[in-house]
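1. Here you go, sequence then predicted model.
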Amino acid sequence: VNFALRIGFYYVLCIVCSGLTAPVCLLVNGGRTVKNMRIIKTVVKSFKYFFGLRFEVKGLENFEVEGPAIIVSNHQSILDMMGLMEVLPDGCVQVGKKELMYAGTVGLITYLGGVIFINRKSTTSAKMVMAEVAKTMIADNVKVWVYPEGTRNCTGDLLPFKKGAFHLAVQAQVPVIPVVYSSFTTFYNPKKNLFTSGKIKVEVLPPIETKGLTSDNVSDLTDRCYNIMRETLFRLSGRPGEGKDSS
Ligand SMILES: CCCCCCCC/C=C\CCCCCCCC(=O)SCCNC(=O)CCNC(=O)[C@H](O)C(C)(C)COP(=O)(O)OP(=O)(O)OC[C@H]1O[C@@H](n2cnc3c(N)ncnc32)[C@H](O)[C@@H]1OP(=O)(O)O
Ligand SMILES: CCCCCCCCCCCCCCCC(=O)OC[C@@H](O)COP(=O)(O)O
């Protein structure tokens, strides 16, 4: 019951705050633009206090690259949105599934914030959207945040990475900046109805350059990023199954 209440409250908070923030975004910036993320970020950063969540962030200086970049991070839960806004640099949009656009006021606020919507069921159309993004991120000087696992995963480990983010980085010849959030499993587990207060360690890792790489190098780049992020995840939170009577 406690779990349902807390998650329910989170949903209500998201829906209500989106409804209140959308008109502010429209008044201040006039429509769909990444500038709205600053406003959204300010609102969302207050959410953590309602749930007793603390963030310990390291490596923010790694975001200070000149020009655009692709930021990749692990995706555990709908709560990630709080962790995202906690560190989000200016001028950065996210790639999200298109279903988000239809989530009422939340859909409206993601639209206004400039979120790039992709259809995950159609690789062809997703690739076309991403190719377009590769061009506009240079022209508009924006960073793009992608969850390369492509879906939520709260097991304490990483799913294999999809390659879209890395194709994007190579096509635009911009660095990849990995961001890792420690595992939520100690305080959040929907299967066990667990959602208590907790601490989340966040590490922004040094940028990985892609200058001179071609599409042939994408697989290697993906693997390299995956390995660095998995090591970091385990360092921040311990290996999955650790502390339990596993083999
Ligand atoms: C004020 C209060 C407010 C409160 C409310 C909150 C509001 C907050 C506001 C704002 C926050 C917004 C938060 C948003 C969060 C959203 C989170 C999500 O929705 S996560 C799900 C969607 N995201 C992804 O899925 C991205 C990652 N996925 C990819 O990049 C994939 O790669 C994708 C979709 C492009 C294709 O997926 P495939 O399943 O087909 O898998 P593959 O293996 O990557 O691709 C298949 C083949 O195509 C090639 N390929 C892929 N992309 C290519 C490309 N661009 N060019 C050429 N080839 C490509 C690959 O190399 C692969 O080929 P070979 O196996 O290597 O031969
Ligand atoms: C009229 C309908 C009203 C519906 C209201 C929905 C309110 C949702 C509030 C939660 C907002 C959090 C946004 C974070 C986005 C997010 O983290 O999405 C998760 C998906 O990317 C991952 O895809 P998947 O795991 O494959 O479903």
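-> Alright, I've got the coordinates. Ligands and ions are numbered 1, 2, ... in the order given.
2. Let me see the contact set for whatever residue of the chain ends up closest to ligand 1.
-> In the chain, the residue that lies nearest ligand 1 is G164 (2.0 Å; Cβ to the nearest ligand atom). Quick note: C-beta positions are derived from backbone N, CA and C, even for glycine. Going by Cβ atoms under 8 Å, 6 or more residues apart in numbering, G164 touches V95, I118, A126, K127, M130, V146, P148.
3. is the helix or strand harbouring the third one anywhere near ligand 2?
-> Under DSSP states H and E, the secondary-structure element containing A126 is helix 123-140. No - Helix 123-140 is not in contact with ligand 2 by Cβ under 6 Å from any ligand atom; minimum separation 13.5 Å.
4. Buried ones in that helix, by neighbour count?
-> Across helix 123-140, burial judged by 16 or more other Cβ atoms under 10 Å covers A126, V129, M130, V133, A134, M137.
5. The nearest residue to the first one once chain neighbours are set aside: how many residues sit nearby?
-> Right, the one you point to is A126. Take A126 and drop its neighbours on the chain: the residue closest to it by Cβ to Cβ, 6 or more residues apart in numbering is I118, 4.3 Å away. Applying other Cβ atoms under 10 Å, we find 22 residues neighbouring I118.
6. Dihedrals phi and psi, V146?
-> Dihedral pair for V146: phi -120, psi 140, per degrees, to the nearest 10.
7. Just the element for the closest residue to it other than its chain neighbours, please.
-> In space, and not counting its chain neighbours, V146 is closest to A165: 3.8 Å by Cβ to Cβ, 6+ apart. When elements are assigned from DSSP H and E, A165 belongs to helix 164-172.
8. helix or strand right after that helix?
-> That would be, after helix 164-172 and using DSSP H and E, strand 176-181.
9. ok, now which ones touch the residue nearest to V146?
-> Contacts for A165 (Cβ under 8 Å, 6+ apart) come out as I70, V72, V95, V146, P148, V176.
10. would you turn the residues you listed into JSON lines with pLDDT and neighbour count?
-> Shown next, in JSON lines, are those (pLDDT from 0 to 100; neighbours: other Cβ atoms under 10 Å):
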{"residue": "I70", "pLDDT": "98", "neighbour count": "30"}
{"residue": "V72", "pLDDT": "98", "neighbour count": "28"}
{"residue": "V95", "pLDDT": "97", "neighbour count": "22"}
{"residue": "V146", "pLDDT": "98", "neighbour count": "26"}
{"residue": "P148", "pLDDT": "98", "neighbour count": "25"}
{"residue": "V176", "pLDDT": "98", "neighbour count": "25"}
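11. From A22, how far out is L79?
-> According to Cβ to Cβ, to the nearest Å, L79 and A22 sit 21 Å apart.
12. coming back round to it: okay, the contacts of A165 in JSON lines with distance to E231 next?
-> As requested, the contacts of A165 are exported to JSON lines (distance: Cβ to Cβ, whole Å):
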{"residue": "I70", "distance to E231": "20"}
{"residue": "V72", "distance to E231": "15"}
{"residue": "V95", "distance to E231": "24"}
{"residue": "V146", "distance to E231": "20"}
{"residue": "P148", "distance to E231": "16"}
{"residue": "V176", "distance to E231": "16"}
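13. Check these one by one and keep those near ligand 1.
-> When contact is defined as Cβ under 6 Å from any ligand atom, the contacts of A165 meet ligand 1 at V95, V146, P148.
14. distance of the closest residue to G67 other than its chain neighbours from E66?
-> Once flanking residues are discounted, G67 sits nearest to N141: 6.2 Å by Cβ to Cβ, 6+ apart. Using Cβ to Cβ, N141 is found at 10 Å from E66.
15. Same check on K135?
-> K135 is 19 Å from E66, where distance means Cβ to Cβ.
16. Now do the strands for this structure: every range, in order, please.
-> Taking DSSP state E to define them, one finds strands in the chain at 53-58, 70-73, 92-97, 116-118, 143-146, 176-181, 188-189, 194-195, 198-204.
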